[in-house]
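Asker: can you look at this prediction? I've put the sequence above it.
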Amino acid sequence: DQQVKQNSPSLSVQEGRISILNCDYTNSMFDYFLWYKKYPAEGPTFLISISSIKDKNEDGRFTVFLNKSAKHLSLHIVPSQPGDSAVYFCAASKWADSGGYQKVTFGTGTKLQVIP
Amino acid sequence: KAGVTQTPRYLIKTRGQQVTLSCSPISGHRSVSWYQQTPGQGLQFLFEYFSETQRNKGNFPGRFSGRQFSNSRSEMNVSTLELGDSALYLCASSDYRDRASNYGYTFGSGTRLTVV
């Protein structure tokens, strides 16, 4: 049961344009969402996060939007740069059923290619 | 402070052998999680250790096991290796008290395991 889904395995965007990466989730108990970026042969690095009490969080060129009713979040990169070419994972967290700690679930990733 | 250290970086094993991977978390982090990354499958959760106890486990066969030591360092073991175990194995350490910032989730660079 894939609770966090990234339905687009890949995306190509021209340099300077907007990149929009999408993520859907099924569990309404998720209350914190994150995006990670991963280059080949490296571990994922944190990019941006959003709490479920917000619908938008912005950090420089990166903005994450959350639509709780649709159980959908998206990452916008404006403007896109060649260095943004990487695999992007969305992740969602919730409290464990037994309580006391968080459980994080990752999506399958979207490979973004920014064309110069 | 030092990041998450995984050793070795690369490993080639033969089918049927066993392998042990090591992860040293960020100092002060008591939680270590392990993930398997294969093309098209994203980050598959293996297990999580907190204060030497496994408190969360993914859907992997019993050939995959782990442990955590009193200094929070963790090891992951895979016995009777199969060709399908070839993957990038990532560990992440976290400090759940730091949820607002990166969720406190920091990944190592991974161990690339190739089974031949």
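Answerer: Alright, I've got the coordinates.
Asker: bridging residues for residue B:19?
Answerer: residue B:78 (DSSP bridges).
Asker: and the residue sitting nearest the centre point of chain B, what is it in contact with?
Answerer: Taking C-alpha atoms, centre = their mean, the centroid of chain B lies closest to residue B:34, which sits 2.9 Å from it. Going by C-beta atoms under 8 Å, 6 or more residues apart in numbering or on different chains, residue B:34 touches B:23, B:45-48, B:66, B:74, B:76, B:89-91. (Each C-beta comes from the backbone N, C-alpha and C, glycine too.)
Asker: and it, bridged to which residues?
Answerer: residue B:47, residue B:91.
Asker: and the gap between residue B:4 and residue A:39?
Answerer: 16 Å (C-beta to C-beta, to the nearest Å).
Asker: in terms of neighbours, single out the busier of these two.
Answerer: Remark: of residue B:4 and residue A:39, residue B:4 carries more neighbours, 22 against 12, as counted by other C-beta atoms under 10 Å in any protein chain shown.
Asker: number of nearby residues for the spatially closest residue to that one that is not a sequence neighbour?
Answerer: In space, and not counting its chain neighbours, residue B:4 is closest to residue B:108: 3.7 Å by C-beta to C-beta, 6 or more residues apart in numbering or on different chains. Counted with other C-beta under 10 Å, the neighbours of residue B:108 add up to 25.
Asker: tell me who's in contact with residue B:108.
Answerer: So residue B:108 contacts A:43, B:3-6, B:23, B:90-92 (C-beta under 8 Å, 6+ apart).
Asker: wait, residue B:23 touches residue B:29, no?
Answerer: No: Residue B:23 is beyond contact range of residue B:29, at 10.7 Å (criterion: C-beta atoms under 8 Å).
Asker: hmm, back to that, any idea how far the residue nearest to the centre of chain B is from residue B:79?
Answerer: The value you get for residue B:34 to residue B:79, if C-beta to C-beta is used, is 15 Å.
Asker: what's the answer for residue B:38, then?
Answerer: In terms of C-beta to C-beta, residue B:38 sits 19 Å off from residue B:79.
Asker: ditto for residue A:63
Answerer: For residue A:63, the distance to residue B:79 - C-beta to C-beta - is 45 Å.
Asker: compare those two (neighbour count), which wins?
Answerer: Under the neighbour definition other C-beta under 10 Å, residue A:63 and residue B:79 were set side by side, and residue A:63 has more, 18 against 14.
Asker: the more buried one and residue A:78 touch, don't they?
Answerer: Yes: with contact defined as C-beta under 8 Å, residue A:63 counts as touching residue A:78 (7.5 Å).
Asker: need the residues that contact the longest strand anywhere in chain A.
Answerer: If you go by DSSP state E, chain A has its longest strand at strand A:86-95. Outside strand A:86-95, the residues that touch it by C-beta under 8 Å, 6+ apart are A:3-4, A:6, A:21, A:23, A:25, A:27, A:29-39, A:44, A:47, A:73, A:75, A:101-112, B:42-43, B:103, B:105.
Asker: rerun that using 6 Å as the cut-off
Answerer: Contacts of strand A:86-95 with the rest of the structure, by C-beta atoms under 6 Å, 6 or more residues apart in numbering or on different chains, involve A:4, A:21, A:23, A:25, A:29-39, A:44, A:102-107, A:109-112.
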